[in-house]
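Participant: build me a model:
(one chain, ligands or ions: 2)
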Amino acid sequence: MNVNASAIVIGGGIIGSSIAYELAKSGMKVTLLDKGAVGQEASTAAAGMLGAQVETHHPGAFYELCTKSQELYRPWSEELFAYTGISPQYIDEGILRVALTEEDEAELRGRLPWIRHAQWVSPEEIRRREPQLTEAVRGGLWFDRDHQVHPIHLMLALRASLVKRGVTIREWTPVFRLLQSQGRITGVQTSEGPLYADHVVLAAGAWSPALTEAFGMQLPMFPVQGQCLSIRTEAPMLTSTAFTKGCYIVPKQDGSCIVGATQVEAGFDKRSTAEAVARLQDKAVQLVPKLKEAEFLRTWTGLRPGSRDGLPFLGTWDQLPGLVFATGHYRNGILLAPVTAVLIRELLTGGSTSLNLAPFSPERAAEAAKARAT
Ligand code: FAD
Ligand code: GLY
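Facilitator: Residues are numbered from 1 along each chain as shown. Ligands and ions are numbered 1, 2, ... in the order given. Predicted structure coming up:
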């Protein structure tokens with residue numbers, strides 16, 4: 001058996017690409033495989049919020065993972081920029097999470113006892129910061145550390161970094177199945193034949209479960225459709241990102257805004273629908289009334305890699321040695337890319353990991369299967 005690389009990474013989304021970059025930086029010989037073009041799926045459909053606080057609803061291991069990645073982000077983004085000359089368009093304005101209903105206000109105030117780096121802001125303060133926001137705001141949370149990047153530019157920078165680091169990128173090369181020898185995953189069968197490596201990293205986003213099924217592992221994951229649109233106004237309407245229940249508006253460096261996003265379990269359906277686009281537009285105009293004058297640019301749909309308990313799968317499963325899981329990042333894969341890459345590198349290079357991976361263990365899949373069976 002010819003070992004072609006120290007690591008094969010399945011999936012060239014932000015998770016697979018950032019892992020490939022980190023492994024190559026540590027001296028490993030890495031091959032990255034994608035069934036299409038690098039970054040073509042969820043990772044370039046995203047809005048790019050680094051929302052460790054805005055998108056976490058309770059304290060715990062997931063919040064710690066998010067905040068760790070948030071700390072890593074700016075230096076990581078600057079490193080990619082310096083290395084490639086391509087800017088991921090890191091913007092250090094925060095996110096304003098506003099309440100429009102009593103129920104939403106109660107939910108937001110309920111986060112204050114445990115959330116770090118958040119400040120309650122009055123309606124007057126909100127409109128002083130963002131005068132174009134609706135007068136109907138009841139108050140909200142200001143998250144000054146929840147910054148953002150542009151996912152399309154970030155993926156361009158990452159791809160260029162991979163090339164420069166000597167990662168072998170094989171696009172349009174689907175992995176059909178994992179190869180096992182003497183109880184260990186030793187490689188992958190691709191459209192261009194078998195490839196072998198010391199480690200195989202599964203980072204195939206919403207498609208990941210298809211590759212573990214043959215080994216009796218039903219990863220409790222599913223695609224969650226997210227439709228978005230982008231618009232532009234002559235003068236900027238917002239400085240920071242505005243976020244409310246069911247809608248966010250993320251102002252980008254080029255003067256456009258991304259408005260997102262729907263959240264529907266609809267299998268692998270990536271169509272954009274008139275109904276969803278109209279609903280998003282209505283919500284955006286409700287939040288910033290002057291957006292009714294905005295120029296409509298485009299709409300798109302991505303598939304979030306959702307997991308039943310909302311947590312990613314990070315680490316190994318003793319029933320499938322040789323395979324490393326890095327998938328299921330759901331609504332937060334852009335944010336979680338740098339910490340995931342570091343943790344997987346720590347795992348593969350034999351050191352202890354800087355965060356406890358137990359809460360994210362793929363063993364949860366076996367437990368979920370047992371629970372279903374009883
Ligand atoms: P993907 O980007 O889907 O990549 C998986 C890759 O694997 C794909 O390129 C695919 O082609 C490849 N693949 C699959 N199967 C195979 C196979 N058999 N062989 C070879 N290749 C294969 N996150 C944030 O942090 N902030 C946000 O603001 C944000 N906004 C979002 C808005 C929307 C509308 C959506 C849809 C998502 C958003 N997310 C956001 C979530 C984020 O986009 C995802 O969590 C992240 O992109 C997941 O990255 P990934 O690499 O795991 O998956
Ligand atoms: N994190 C934003 C989204 O998934 O829509």
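Participant: CA atoms for contacts and neighbours, from now on please.
Facilitator: Fine.
Participant: OK, contacts around whichever residue of the chain sits closest to ligand 2?
Facilitator: Ligand 2 sits closest to R331 of the chain, with a gap of 3.7 Å, by CA to the nearest ligand atom. Going by CA atoms under 8 Å, 6 or more residues apart in numbering, R331 touches 304-306.
Participant: how about 7 Å then?
Facilitator: R304 (CA atoms under 7 Å, 6 or more residues apart in numbering).
Participant: for the lengthiest helix in the chain, buried residues please.
Facilitator: The longest helix of the chain (DSSP state H) is helix 61-84. By 16 or more other CA atoms under 10 Å, the buried positions in helix 61-84 come out as 61-63, 65-70, 72-74, 77-78, 80-81, 83-84.
Participant: now stretch 10-30
Facilitator: Within stretch 10-30, the residues that count as buried by 16+ other CA under 10 Å are 10-25, 28-30.
Participant: with stretch 356-369 instead?
Facilitator: Using 16+ other CA under 10 Å as the test for burial, stretch 356-369 gives 357, 360-366.
Participant: swap in stretch 108-121?
Facilitator: By neighbour count on 16+ other CA under 10 Å, the buried set for stretch 108-121 is 108, 111, 115, 118, 120-121.
Participant: end to end on it, go ahead and measure it.
Facilitator: In terms of CA to CA, to the nearest Å, the two terminal residues of stretch 108-121 are separated by 11 Å.
Participant: ok so, going back, can you give me the mean pLDDT across the longest helix of the chain?
Facilitator: Mean per-residue pLDDT for helix 61-84: 98.
Participant: what's stretch 310-322 in contact with?
Facilitator: The contact list for stretch 310-322, computed with CA under 7 Å, 6+ apart, reads 62, 184-186, 198-200, 323-330, 357, 360-363.
Participant: hey, C-alpha coordinates of it in CSV?
Facilitator: Output of stretch 310-322 as CSV, limited to C-alpha atoms (Å, rounded to 0.1, in the frame of the first residue of the first chain):
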residue,chain,number,x,y,z
GLY,A,310,-26.2,21.6,18.0
LEU,A,311,-22.5,20.7,18.7
PRO,A,312,-19.8,19.9,16.2
PHE,A,313,-18.1,16.5,16.0
LEU,A,314,-14.4,16.9,16.8
GLY,A,315,-12.0,14.1,17.5
THR,A,316,-11.8,10.4,17.0
TRP,A,317,-14.1,7.3,17.6
ASP,A,318,-12.4,4.2,18.9
GLN,A,319,-14.4,2.0,16.5
LEU,A,320,-12.8,3.7,13.5
PRO,A,321,-9.2,4.5,14.3
GLY,A,322,-7.4,6.5,11.6
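Participant: residues contacting the residue nearest the centre of the chain?
Facilitator: For the chain, the residue nearest the mean C-alpha position is G333 (1.5 Å; CA atoms, centre = their mean). Neighbouring residues of G333 by CA under 7 Å, 6+ apart: I15.
Participant: now do the helices in the protein.
Facilitator: With DSSP H, the ranges of helices along the chain come out as 14-25, 42-45, 61-84, 102-109, 123-129, 151-164, 209-212, 274-287, 333-348, 363-373.
Participant: could those helices be laid out in TSV, adding distance to ligand 1?
Facilitator: What follows is these, written out as TSV (distance: least, CA to the nearest ligand atom, whole Å):
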stretch	distance to ligand 1
helix 14-25	4
helix 42-45	3
helix 61-84	9
helix 102-109	19
helix 123-129	22
helix 151-164	8
helix 209-212	7
helix 274-287	12
helix 333-348	3
helix 363-373	17
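Participant: ligand 1 contacts on the stretch 151-300 of the chain?
Facilitator: Applying CA under 6 Å from any ligand atom, we find that the stretch 151-300 of the chain lies next to ligand 1 at 174-176, 203-207, 226-228, 261.
Participant: for the residue of the chain closest to ligand 2, give its distance to ligand 1.
Facilitator: Taking CA to the nearest ligand atom, to the nearest Å as the measure, R331 falls 4 Å from ligand 1.
Participant: distance-wise, check that residue relative to Q53.
Facilitator: 13 Å.
Participant: also S354?
Facilitator: According to CA to CA, S354 stands 21 Å off from Q53.
Participant: more crowded one of these two?
Facilitator: Per other CA atoms under 10 Å, whichever of S354 and Q53 has more neighbours is Q53, with 26 against 12.
Participant: contacts only, for the more buried one.
Facilitator: If you count contacts by CA under 7 Å, 6+ apart, Q53 has them with 115, 143, 146.
Participant: would you list these in JSON lines and tack on distance to ligand 2 and pLDDT?
Facilitator: JSON lines is the format used below for the contacts of Q53 (distance: CA to the nearest ligand atom, whole Å; pLDDT from 0 to 100):
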{"residue": "I115", "distance to ligand 2": "18", "pLDDT": "97"}
{"residue": "F143", "distance to ligand 2": "15", "pLDDT": "98"}
{"residue": "D146", "distance to ligand 2": "12", "pLDDT": "98"}
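Participant: what's the closest of those to V342?
Facilitator: Proximity of these to V342 (CA to CA) peaks at D146, which lies at 20.5 Å.
Participant: isn't T44 up against P151?
Facilitator: Yes. T44 lies in contact with P151 (CA atoms under 7 Å); the separation is 5.3 Å.
Participant: number of nearby residues for the nearest residue in space to A42 that is not next to it in sequence?
Facilitator: Excluding its sequence neighbours, the residue lying closest to A42 (CA to CA, 6 or more residues apart in numbering) is G302, at 4.8 Å. For G302, the neighbour count with other CA under 10 Å is 25.
Participant: any idea how far G302 is from G13?
Facilitator: On the measure of CA to CA, G302 and G13 end up 12 Å apart.
Participant: shared neighbours of those two, anything?
Facilitator: Common neighbours of G302 and G13, counting by CA under 7 Å, 6+ apart, are E41.
Participant: where in the stretch 151-300 of the chain is pLDDT low?
Facilitator: Along the stretch 151-300 of the chain, no part satisfies pLDDT under 70.
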